[in-house]
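Engineer: predicted coordinates and the sequence they were generated for:
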Amino acid sequence: MSYKIIRKLLKYDISWGILDKWKKYLAMLTLSLMITLVFIRNCEFQYIHKIINSTPGFLDYLMNMFHGMKKFIPDGKTQFDIPVEWMAFHLMIAFFIGNYIIDDLEKCGNNIITRVRSRNMWIISKIIWNVLAVLAFYLVIYIGTIIAALIKTGRLQLTLTQSVCSENFELNNVDVGQAKYLFAIIFLPILSSLAISQMQMFLSLIVKPIISFLIVASILILSAYSMTPYLIANLSMVQRSEVFMKDGIGILTAILVNIIILTISIAGSIIYFNKKNII
């Protein structure tokens, strides 16, 4: 019986929280295409002027989207430049996801909870929705980069291009064929986004959605400024992983911290929502 109720609640959340929000995903697709096309154009300019010896491929496009920035050293000489592509992507996810749960609760959540007679099932459905919504955003990103790759190169290149990485990401001596790069570029950003989004949803139950969004935005900015796994947005910056940076954040550390945050956020959401006055 509980499985059927969860399925119905989840069907509702997918319909109204994802499919009905198709314009948001179209905006994300547009953003990913714009970022990728600008990157391709810059690389073509570099190739024409013999700054790089090869044009980028699919994995380079993803690297450009998720690389973030190298460790910032506040020595008075180094300029602090926020990684625009990385910041725009994560802020867009935070903005699009931020108010759904509270908005739905205020509109018809009380009636639905009364009908199903379970706060647990309602909040669990929202947790699953959160995961699916984040995965859908990444799917859109991949669709955008795949389209660009097929148009420009006719194939999906699953290796990094050394000269492109050296010139654009300041990464030298990249062993372009190693599987660990695929893991760092494709898996870690998704896991980090899931953790950040669940944390944001938990916070939105405690404070207003706009406050939870501002908290996430602050974490993103502080993470760009300071490299530490305790500022979790660092874990979504591919360039700060030990895979690409000496003394970078370890993969196991990143996975462990993300899982801990996911666990605390999910458990906290369930416990707090069951105690929350929703009348």
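Structural biologist: Great, that's in hand. Residues are numbered from 1 along each chain as shown.

Engineer: what sits against Ala224?
Structural biologist: Listed by CB atoms under 8 Å, 6 or more residues apart in numbering, the contact set of Ala224 reads 68-69, 72, 80, 82-83, 87, 233, 237. Backbone N, C-alpha and C define where each C-beta goes, glycine included.

Engineer: state the mean pLDDT of the strand or helix carrying it.
Structural biologist: Taking DSSP states H and E as the criterion, Ala224 maps to helix 209-225. In this model, helix 209-225 has an average pLDDT of 91.

Engineer: ok, stretch 31-42 next?
Structural biologist: Average pLDDT, stretch 31-42: 91.

Engineer: got the buried residues for the helix holding Ala224?
Structural biologist: Residues 209, 212-213, 215-217, 219-220, 223-224 are the ones in helix 209-225 that count as buried (16 or more other CB atoms under 10 Å).

Engineer: burial of Lys70, as a residue count?
Structural biologist: Lys70 is flanked by 18 other residues according to other CB atoms under 10 Å.

Engineer: pretty sure it is in a strand, no?
Structural biologist: No - assessed with DSSP: H, G, I helix; E, B strand; the rest coil, Lys70 is coil; it does not lie in a strand.

Engineer: for the stretch 51-200 of the chain, what are the low-confidence residue spans?
Structural biologist: Residues of the stretch 51-200 of the chain that meet the criterion pLDDT under 70 lie in 74-80, 173-178.

Engineer: make it 90
Structural biologist: For the stretch 51-200 of the chain, the stretches with pLDDT under 90 are 53-55, 57, 59, 67-89, 97-122, 144, 147-148, 151-162, 165-166, 168-186.

Engineer: mind jotting down where the strands sit in it?
Structural biologist: Counting by DSSP state E, counting those that start in this stretch, the stretch 51-200 of the chain has no strands at all.

Engineer: ignoring the adjacent residues along the chain, who's closest to the residue positioned nearest the centre of the chain?
Structural biologist: By CA atoms, centre = their mean, the chain has its centre lying nearest to Ser193, at 3.6 Å. Distances taken as CB to CB, 6 or more residues apart in numbering place Val134 nearest to Ser193, at 5.2 Å, with adjacent residues excluded.

Engineer: gap between the one you found and Trp22?
Structural biologist: Taken as CB to CB, to the nearest Å, the spacing of Val134 relative to Trp22 amounts to 16 Å.

Engineer: Leu252 now?
Structural biologist: 37 Å.

Engineer: the helices in the stretch 151-279 of the chain, which residues?
Structural biologist: Per DSSP state H, counting those that start in this stretch, the stretch 151-279 of the chain carries helices over the ranges 162-169, 179-182, 188-206, 209-225, 251-275.

Engineer: likewise for the stretch 1-150 of the chain?
Structural biologist: Counting by DSSP H, counting those that start in this stretch, the helices of the stretch 1-150 of the chain are 2-17, 22-48, 58-66, 84-97, 100-104, 110-116, 119-152.

Engineer: out of the ones you listed, which gets nearest to Ser166?
Structural biologist: Ser166 lies closest to helix 22-48 among these, at 10.6 Å (CB to CB).
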